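# sequence unknown, structure follows:
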């Protein structure tokens with residue numbers, strides 16, 4: 001009798017252990033599933049201010065491909081403003097927009113006020129694409145838009161660091177980061193044009 005009771009006891013213990021193990025597996029599967037379905041952020045969550053002090057809401061750009069670029073007025077790459085404007089003129093009616101962010105993070109090459117920057121852009125390059133207020137694109141005071149653009153945990157694509165003026169971030173029609181281009185890559189580079197024209 002004692003042996004049969006002990007046998008039943010051990011069988012029940014074994015069944016309990018199996019259930020626990022099964023539960024642990026299920027729990028792990030749920031965690032994996034949640035991680036797989038984790039939604040990354042989009043640029044649409046941000047509202048900023050343009051050079052003229054007006055509110056600029058990225059959610060108004062839904063359905064457009066976006067190039068975000070940090071700019072400077074006294075840089076060797078400043079002539080890229082002309083190519084940026086050319087690109088914008090070519091594709092602005094085809095769901096494409098450029099958003100410029102003046103920044104003084106590199107060699108003090110954007111020292112002006114928002115008003116001075118606006119005048120410089122218009123008078124020298126005829127800039128008509130949206131230009132935002134001057135911000136910081138790296139360091140302790142980095143703007144929240146650039147935290148999103150440079151941190152994989154937020155953008156879901158890759159970590160990056162803004163290395164100089166005129167680095168370019170390309171975002172798809174859903175507001176998701178699609179590509180990061182180094183400052184020296186011209187706005188009219190074939191890879192940019194191909195990306196814009198690909199449906």
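Received it, and whenever you're ready, just let me know what you need. Here the structure is a predicted model, which is why all the values come from computation and not from measurement. Residues are numbered from 1 along each chain as shown.
# Quick check: residue 170 touching residue 178?
Yes - judged on C-beta atoms under 8 Å, residue 170 makes contact with residue 178 at a distance of 5.0 Å. (Each C-beta comes from the backbone N, C-alpha and C, glycine too.)
# Kindly point out which residues are neighbours of both of the two.
Common contacts of residue 170 and residue 178 (C-beta atoms under 8 Å, 6 or more residues apart in numbering): residue 195.
# quick one: which of those two has more around it?
residue 170 (19 against 15; other C-beta atoms under 10 Å).
# And the more buried one, how far from residue 196?
Distance, residue 170 to residue 196, using C-beta to C-beta, to the nearest Å: 9 Å.
# joint contacts of the two?
Listed contacts common to residue 170 and residue 196 are residue 65; contacts here mean C-beta under 8 Å, 6+ apart.
# Okay, domains of the protein per the record?
In terms of domains, the chain is parsed into 1-38, 43-197 (source: automatic domain parsing).
# For those domains, which has the smallest mean pLDDT value?
With a mean of 47, domain 1-38 has the lowest mean pLDDT of the domains of the chain.
# State the helix or strand in which the most centrally placed residue in the chain lies.
Closest residue to the average C-alpha location of the chain: residue 149 at 3.0 Å, with C-alpha atoms, centre = their mean. Counting by DSSP states H and E, the element that carries residue 149 is helix 144-150.
# Could you pull out the buried residues of that helix?
145-146, 148-150 (16 or more other C-beta atoms under 10 Å).
# May I see these organised as JSON lines, with distance to residue 190 added?
Formatted as JSON lines, the buried residues of helix 144-150 follow (distance: C-beta to C-beta, whole Å):
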{"residue": "145", "distance to residue 190": "27"}
{"residue": "146", "distance to residue 190": "26"}
{"residue": "148", "distance to residue 190": "27"}
{"residue": "149", "distance to residue 190": "23"}
{"residue": "150", "distance to residue 190": "25"}
